[in-house]
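Undergrad: Compute the structure for the input listed below.
(3 chains)
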Amino acid sequence: MISPPPLRIRGLAKSVPGGRILFEGLDLDLAAGEIAAVMGESGAGKSTLLNLIAGLDTADAGEIEIVGRALSGLDEAGRTRLRREHLGFVFQAFHILPHLTLAQNTALPLVLAGISSGEALSRAAEMLAAVGLGGRESDLPSRLSGGELQRTAIARALVHRPGLILADEPTGNLDPETAERSLGLLLQAARTRGAAVLLVTHSARAAEAADRTLFLGRHGLEARRAA
Amino acid sequence: MPPDAALPRTLLSWMVRGEWRAHPVRTFVAVLAIAVGVALGFAVHLVNRSALAEFDTAVRSVTGAADLRVEAVSVSGFDETLYPRLARLPALSAVSPVVEVTAQTRDGRSLTVLGLDPLRAARVTPALAVGAGSGFGAGRETGREDAVWLSPAVMGGAGEVLEVREGGRRVDLPVAGGLPSVEAGQRLAVGDIAAVQQAFGRIGRLNRLDLLVAAGVSRSEAERAIAAILPADARLSTPEAESRRGGDLSRAYRVNLGMLAMVALLTGGFLVFSAQSLSIARRRPAFALLQVLGLPRRGLFLQVLAEGAVLGVIGAVLGLAGGAALAGAVLSLLGGDLGGGFFSGSRPALDISPGWTLIHGTLGLAVALAGSLLPALDAARTPPAQALKSAGESGDPGRRPPLAPALGLGAAGLAAAFAPPIAGLPLMGYASIALILAAGVAAMPWLARRMISPLTRIAAPVPVRLAAARLAGAPDQAAVALCGLVASASLMAAMGLMVASFRGSVDDWLGAILPADVYMRVANAEMAGLDPTLQAALAAVPRVDGIESRRTLTLSLSAERPPVALLAISPAAGGAPDLPWRAPPRAVDEGEVPAWISEPLSRLYRLSPGDTLDLPLAGRTVKVRVAGVWRDYGRQFGAVALRRSDYLRITGDAGANEAGFTLAAGADPTDVLQRIRQALPPDLAAQTEVAPSAEIRRVALRIFDRSFAVTYALEAVAILVGVAGVAATVSAQTLARRREFGMLRHVGAGRGQILAMLALEGALLGAVGAVAGLALGAAMGQVLIQVVNPQSFNWTMDTRWPLGLLGGLALALTLASSLTALLAGRSALSADAVRAVREDW
Amino acid sequence: MDRLTRRSLLAGGAAAALPPAQAIAAPDFAQVIPGRRLVFPRDHGAHPDFRTEWWYVTGWLDGPTGPLGFQVTFFRTRTGLGEGNPSRFAPRQVLFAHAALSDPRVGRLLHGQRIARQGFGLAEASERDMDIVLDDWRLVRERSGAMRALAGGEGFQLDLVLTPTQPILLQGEGGFSRKGPRPEQSSWYYTLPHLQVSGRLEREGRWRPVRGQAWLDREWSSTLLDPVAVGWDWTGINLDDGGALTAFRVRDARGRAVWTGGSLRSADGRLWTAPNGAVAFEGGRTWRSPRTGAVYPVAPTVRLRTPAGERRWALTPLFDDQELDSRPSGGPVYWEGAVRVPGGRGYLELTGYAAPLRL
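TA: Numbering: from 1, shown residues only, chains lettered A, B, ... in the order given. Model (predicted):
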């Protein structure tokens, strides 16, 4: 049985409120386990692209399919559910909730899916161990370094086994060494679990780690060899 | 749990616990706000309920369960020959005659002595005949036929002798036994009617006839038959009229306190609103994250609402417990009327009903939910992608806050102030106050901008301009921070204004009604008391220049209303007496009897100068002409003053029970007071109070202050909660702006400058809140003075501005707000600010 | 405090309602001293100086559904209280009254009562003639000599005219009737037997005319029972031949007679007064009350040793359950019912069987 691709985009167009066209005619296909880096100038619409894929923003034209399901055919509740079940997120600012423990933070996608707290926490603990934070489940985020926070975010992004992970500048707030380790961890963990990753980044070094690198411009994504 | 459940329980519990662990004080303040409101409301309700139950019991204990009653209009009663005439009416199946005397026991407390014919009472009011149920057993038990049975609240066992005083006479009542069926707290003695008539000089007189309507006769038929033969000094009363009258006694007072508690709860609601608003603004990124991770909009809404509900439930439970404790304490310390003086001597038991407990708890929860509703909607409406990027502040500095909603509310409030009372209660007055408060809160964003914008344009040090610019730019946030403060400040100012005006007016009034130097009053002596010989003897006391003795008694003008006071006084030189006039006295025609009525009487009975009034005196109806209206705070149910000469001519009663003495120049009041006491026969002296007018005035004001102590306490609590709310708000907002401070420091602002900016911001916020609160409070206070008080108590007062109190209040709020901002700023700026500081204070 | 019988009242049964006078400072009760002639109509009226007095009407009515027994009795008691109190409520005299109807179809007594202190025209007993008012109840001798009785109770009202057909019967020695071994244990006692009854009876809202025959006992005294007495049996029978039989026995705790008395008047007016010891109440069937457990000799044989020889009358009750329990209101439990004898009808009263009468 052939499972549908994690991400398929055809003819996507988006302009900003002022009328300026960010991009149009954008196509993209991601296979399971494939890692793609998206680069582009500031204001090119990289984050907008991620928001469109996440169903947090609506496109002017075009179609996005996630694991074979078209976003345009879903209402808000459906998109929310799709995010909950099939997408994982890693942010530049980590967005780890300060008042929840690492395990609770990691388990959020699971409890949002209605999984009982016991099971969610134990799966979160396994995931934390996998990112090198074993034994730190009960710690509060205020005691963590930036790298540790990002590893928690990676654990959270993977804990519910999503088909696609959207990573928005995941290394932007980290020193180069930590950034490299974190990114390696994310990509390795995604590969292990067969999740595709769409990585938005400014860092050419980060982009190198991807299977392919795309440049976002007015006319969509163009393949480019990594420098 | 199905995958589509809007709000996973695990998430709710994690979020709530995480938030509370992180911000215990802020959470505590919100819970406290609800708890205080619920506690006050519940306590006032419990006290009311217990006291009303007590009052009902008192009425029932004294009246038994008669279908109908005929009552005397004054303590002197009516002729006993009415008894057989009523007893022969075919419409009545039984009539029980009663003599009722209010006497005083040795400890100075009053005691109701009922004289009954147990054989008659057994059919009409069996509850009363129980003690005397074995008929004339008095003689058998004590060897004396004048023995009485006592309720448990009156000390004294069988075989003892109870010494009581009434009308200047001492009566020794042998105790035959107890009246165990009479409720605790009631001070009642029941004896044989003939013995009571003889012992208290009531031969030939009755105070009451308890009636049983014959089977097959309608009550209205019976009432008509009775009315046809009733003399002027007796009045038909139904149990409904009775309980209505009883309720009247303190209803207005109670409703006022109840409303005050509701206002406190409302303040709590505003505090929950401001706490929740800020908490949500602060957690916007967190909520956005949850949305991105897959929490539906509705789930987010429910999450915020559920947090409010948890606050509400905890607050309500604490409030109910606190309210019950408070009510218990109040009942045991102040009695059923919260020190209002309506039911002397009774200490009712706490009467808690599950239904009302639930209602008050639910009210607290509802207020907390209502306070969370707007923030919850707001949170659910914000697009998550945007919220995830920005750290919360979503206001557009250029937007002009609207004023129209506030103006609409204010207009409605003004209109409500002019509405008449509903069911005798100033409900619209309270609605007016609530609307004015709402208008004030709604106007806060506009007002904050209006008041602060000018500061941004003037040449001022950098911190001032920074502070002003920030507040002017985020008026909604400023308003949120302020609404709790404004609510409690305005409430405080309004009550302060009302109480100050009331107290000032009472003080003036005391001066006007106590012109003499020394006053004496014989307790429980509406009949007898000081006879003319004694009055002459008192006038002859050395160093006494003049004496004005008067008769005061209670007179029932309507079966529906509590009795009024009748004062027979001696005006100077035949003209109008010296009273604190509201409407100046005017002359009456030759041959007419002038009557000067008090303001409450004028309002209750709708009488103005020139009207006539029928007074039941000496067994007939005497028409008098209203010649003036005077202010009176002492007799809430009305008073009417007659010339003593007119009273004497009508009733033949030359006795007196009060007297005022003017002393010779240089006389020592203590010395004269002693002489006055010595001039009285010992038994009379024992029930007579003599005091210099200065002391009476002091005591009266002390009682006034004490009865408002509860009000002050409620106020203080509301203000403290308000300030705590502001502190929490200010510190939360300050901490949320660490990045801003970091930026300011980067661009070269000194730490001191930033702190100064924060302190100024706090002060500005406090000042705006205080000014707005005081202005609102002044408006609400005027409603209290001009609408609520006249409608509740039927008296008016002159406005006095407690400038010291109001100024102090404004200053305190400004300082408190400034100080908390400074403290929060210090921790926000501390070296390890980024991580080490917990986002709380 | 309803259900007072004449004897139990005197024995202290009313003590619950009224304090024994001796507890109160020395009221001056008049004493029954022989030698006075009763004067009528004055002596039909009240004698307030004496402690106790009654007007006791018992009789048979011929109702549409068969015979009924009835009693209408008024009592007056001087309490010894309030003697020095000028109040019109002073409880010096208390009047109470009691009415009962014996209907075999009901199988128990229907009853009612009134009580009030004398005064205000609501409760009065005339000292000139028989005229007693007690709220809406009345017993008054009219100019014709007939008496009118108005009373009622649960489900019945009586409005009767009692017309004398025979002269007054003075019991004892010209009305001086001894009740115990000591001379002061005595009362003034006269009887009007063979009263012809007419009038009407209301049952459940319907008035019906009735006829019948009744008996009036009048008695007043200040001291009656001997301390050893526990109860009292009394009967008064209108004999069909126009004769009138009166018999009473004061019993001690062992059921022996402390004192007996009575009289027999023949239709021609010849009166024989029984001396102490000439009257006996004997055995017969008993009835046990299911309510109180008291055992009453409801069908005694009354034996009179007359100079002409012994006469016996076997009494048969109209029905057995004519017991009244007035303990809830402080009175005694006793039996007072309509009885038949061969050739006569009357009433029987049995007291002190449930418990000794209090002294």
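
Undergrad: of all of chain B, which residue lies closest to chain A?
TA: Closest to chain A within chain B is B:Gly294: 2.5 Å, counting by CB to the nearest CB. (Glycine included, C-beta is placed from N, CA and C.)

Undergrad: if I look at the residue lying closest to that residue once chain neighbours are set aside, how far off is B:Ala656?
TA: Nearest residue to B:Gly294, sequence neighbours excluded (CB to CB, 6 or more residues apart in numbering or on different chains): A:Arg84, at 2.5 Å. Here A:Arg84 is placed at a distance of 89 Å from B:Ala656 (CB to CB, to the nearest Å).

Undergrad: who has more neighbours, these two?
TA: For A:Arg84 and B:Ala656, the more surrounded residue by other CB atoms under 10 Å in any protein chain shown is B:Ala656, and the numbers stand at 27 against 23.

Undergrad: For the closest residue in space to the more buried one that isn't next to it in sequence, pull up the helix or strand it's in.
TA: Leaving aside its sequence neighbours, B:Ala656 sits nearest to B:Ser549 (CB to CB, 6+ apart; 3.8 Å). Secondary structure from DSSP states H and E places B:Ser549 in strand B:544-555.

Undergrad: Name the residues of that strand that are buried.
TA: Neighbour-count burial for strand B:544-555, with 16 or more other CB atoms under 10 Å in any protein chain shown as criterion, is recorded at B:544, B:547-555.

Undergrad: wouldn't B:Asp531 be in contact with B:Ala654 here?
TA: Yes. Using CB atoms under 8 Å, B:Asp531 is in contact with B:Ala654, at 7.2 Å.

Undergrad: Which neighbours do the two have in common?
TA: Residues touching both B:Asp531 and B:Ala654 (CB atoms under 8 Å, 6 or more residues apart in numbering or on different chains): there are none.

Undergrad: which residues does residue 218 contact?
TA: Looking at chain A here, since you left the chain open. Counting by CB under 8 Å, 6+ apart, A:Arg218 makes contact with A:21-24.

Undergrad: meant chain C actually
TA: By CB under 8 Å, 6+ apart, the residues touching C:Arg218 are C:43-44, C:53-56, C:188-192.

Undergrad: pLDDT of stretch B:488-504, averaged?
TA: Across stretch B:488-504, the average pLDDT comes to 82.

Undergrad: Can you give me the buried ones in it?
TA: Neighbour-count burial for stretch B:488-504 [16+ other CB under 10 Å]: B:488-504.

Undergrad: what does chain A have sitting close to chain B?
TA: By CB under 8 Å from any CB of the partner chain, the part of chain A that sits against chain B consists of A:51, A:54, A:56-57, A:76-77, A:80-81, A:83-85, A:89, A:91, A:95, A:97-100, A:104, A:108-109, A:111-114, A:116-117, A:120, A:142, A:156.

Undergrad: Mind checking which of those are buried?
TA: A:51, A:54, A:56-57, A:80-81, A:83-85, A:89, A:91, A:95, A:97-100, A:104, A:108-109, A:111-114, A:117, A:120, A:156.

Undergrad: residue closest to the middle of chain A?
TA: Nearest to the mean C-alpha position of chain A, by CA atoms, centre = their mean, lies A:Leu166 at 1.6 Å.

Undergrad: Count the neighbours of the closest residue to chain C within the stretch 601-750 of chain B for me.
TA: Closest to chain C within the stretch 601-750 of chain B is B:Gly619: 17.7 Å, counting by CB to the nearest CB. Using other CB under 10 Å, B:Gly619 is surrounded by 15 other residues.

Undergrad: what sits against it?
TA: The neighbours of B:Gly619, taking CB under 8 Å, 6+ apart as the test, are B:78-79, B:231-233.

Undergrad: give me that answer again for 10 Å
TA: Neighbour list for B:Gly619: B:73, B:76-79, B:231-234, B:651 [criterion: CB atoms under 10 Å, 6 or more residues apart in numbering or on different chains].

Undergrad: so where do the strands sit in chain A?
TA: For chain A, applying DSSP state E gives strands covering A:7-15, A:21-30, A:35-39, A:61-66, A:69-70, A:87-90, A:164-168, A:196-200, A:212-217, A:220-224.

Undergrad: Can you tell me the SS state at the spatially closest residue to B:Glu689 that is not a sequence neighbour?
TA: Once flanking residues are discounted, B:Glu689 sits nearest to B:Arg521: 5.2 Å by CB to CB, 6+ apart. Three-state assignment for B:Arg521 (DSSP: H, G, I helix; E, B strand; the rest coil): strand.

Undergrad: For beta bridges, what are the partners of B:Arg521?
TA: B:Glu658, B:Glu689 (DSSP bridges).

Undergrad: Wait, it touches B:Arg551, no?
TA: No. Assessed by CB atoms under 10 Å, B:Arg521 is found out of contact with B:Arg551, at 11.6 Å.

Undergrad: Could you please give me the overlap between the contact lists of the two?
TA: Both B:Arg521 and B:Arg551 are contacted by B:529, B:657-658, under the criterion CB under 10 Å, 6+ apart.

Undergrad: out of the residues you listed, who has the most neighbours?
TA: Among the shared contacts of B:Arg521 and B:Arg551, the one with the most neighbours (other CB under 10 Å) is B:Gly529, at 29 neighbours.

Undergrad: gap between the closest residue to it other than its chain neighbours and C:Glu83?
TA: Nearest residue to B:Gly529 in three dimensions, chain neighbours excluded: B:Asn657, at 3.8 Å (CB to CB, 6+ apart). Separation of B:Asn657 from C:Glu83 (CB to CB): 34 Å.

Undergrad: same deal with B:Ala404?
TA: Computed as CB to CB, the B:Ala404 to C:Glu83 distance reads 87 Å.
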